[in-house]
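pasted the sequence and its predicted model underneath.
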Amino acid sequence: MSSRLVLAVFTVLFLLSACTNGADDEPARKADPAQQVIDRAIAAHGGDTINNSRITFDFRGFEFVLERENGRFQYERSFLSDGGARIREGLSNDGYFRFVDGKEVPPDSLERRRIGDNVNSMAYFTLLPVNLNDPAVIKEYLGEVTIKGSPYHRIGVTYRSEGGGRDYQDRFLVWINAETFTMDYYAYWYFTDETGSRFRSMDTIHEVSGIRLRDELNWTYDDLTVNTIDRYDALFDADSLRLVSEIRLENITVTPY
């Protein structure tokens, strides 16, 4: 499984609704247990600061910059190509962009898809759970479970076809600590190019300027389907998962606006 496939989910979803604040029906929000849990989780992860800040970090040789301010956003990464050229590419409210050694080279359709898979998807995962209030998100409260001796709210996440991007059929589960309201685990089933699932457990936590970022351990189990990834919590609790990779953010900076 390539890193592109592991990250390639919800590209258009995040592009269209990266800086939204969720539904306008406040009474309905307060009555929905899944919404209540997600709202508290977003606050615990620094949602207000995330929505108005500049976040930078290094990941596997790439330099990422995630900027959000008053409904505007821009996500980009920069790196040296095999030929030694400095590449800077990403996306914003205005669309996709790409620069080679400082010269703008508009990306074609394949390059836009690659930028979405690698830049936008990295931003999506990094900023979870703040994006779980995007308009295309459908949340369902699935009760409480216990993982490694701690209680968790389990929330199912699916996506509307309208505004949900080309990966709207993918399914997410998030586990929110019932005491701290931090998102300590999440899992997803993807249909992008191939099918399969992953379970992420939080490792090192980075608290920077009021934002909670984290390193993650990426696990899998071979005999699951889109409808049985709910088993991940019990499988993880029983130490039955296979470690696939580690996601480690380096040189993190946060500049609130």
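Ah, there it is.

per-residue pLDDT, Tyr190?
For Tyr190, the pLDDT comes out at 83.

I figured it hits Phe172, correct?
No: if you go by CB atoms under 8 Å, Tyr190 and Phe172 don't touch, sitting 9.8 Å apart. Every C-beta, even on glycine, is put in place using the N, C-alpha and C of the backbone.

buried residues in the strand ranked longest in the chain?
The residue-count maximum for a strand in the chain (DSSP state E) belongs to strand 196-208. By 16 or more other CB atoms under 10 Å, the buried positions in strand 196-208 come out as 196-202, 208.

mind listing what the residue nearest to Leu66 when sequence neighbours are not counted touches?
Leaving aside its sequence neighbours, Leu66 sits nearest to Ile55 (CB to CB, 6 or more residues apart in numbering; 4.4 Å). Taking CB atoms under 8 Å, 6 or more residues apart in numbering, we find Ile55 in contact with 64-67, 126, 211, 213, 252-255.

assign Ile55 to helix, strand or coil.
Classification of Ile55 using DSSP: H, G, I helix; E, B strand; the rest coil returns strand.

what's the burial count for Leu224?
Neighbour count for Leu224, taken as other CB atoms under 10 Å: 18.

surely it is in a strand?
No: judged by three-state DSSP, Leu224 forms no part of a strand; its state is coil.

who touches the nearest residue to it once chain neighbours are set aside in this structure?
Spatial nearest neighbour of Leu224, chain neighbours left out: Ser197 (5.3 Å); criterion: CB to CB, 6+ apart. Shown in contact with Ser197 (CB under 8 Å, 6+ apart): 187-190, 220-221, 224, 226, 229, 232.

what is the nearest of these to Gly116?
Using CB to CB, Tyr190 is the member of the contacts of Ser197 that lies nearest Gly116, at 13.9 Å.

so what does the residue with the largest distance to the centre of the chain have for phi and psi?
Centroid-distance maximum for the chain: Gly83 at 30.9 Å, with CA atoms, centre = their mean. Torsion angles at Gly83 (phi, psi; degrees, to the nearest 10) stand at phi -90, psi 0.

for Pro106, same thing?
The phi/psi pair for Pro106 (degrees, to the nearest 10) is phi -50, psi 130.

distance check, it against Asp82.
Shown here: Pro106 relative to Asp82, a distance of 21 Å by CB to CB, to the nearest Å.

more neighbours, these two?
Applying other CB under 10 Å to Pro106 and Asp82 shows that Pro106 carries more neighbours, namely 11 against 5.

next, the contact list for the more buried one, please.
97-98.

quick one: neighbours of Asn177, just the number.
18.

please renumber so the chain begins at 865
Renumbered: residue one is now 865, and that last one reads Asn1041.

can you pull the contacts of it?
1014-1017, 1047-1048.

need phi/psi at it.
Torsion angles, degrees, to the nearest 10, at Asn1041: phi -60, psi 130.

look up which residues are beta-bridged to it.
Tyr1016 (DSSP bridges).

what about it, distance to Ser973?
Counting by CB to CB, the gap from Asn1041 to Ser973 is 42 Å.

Asn957 now?
Using CB to CB, we find Asn957 at a distance of 19 Å from Ser973.

low-confidence stretches in this protein?
865-894, 1026-1033, 1056-1057 (pLDDT under 70).

let's see it at 50
865-881, 883-887, 1027-1032 (pLDDT under 50).

how about the strands in it?
Under DSSP E, the chain gives strands at 917-923, 926-933, 936-944, 950-956, 959-964, 967-968, 1001-1011, 1014-1023, 1035-1041, 1047-1054, 1060-1072, 1075-1084, 1106-1111, 1114-1120.
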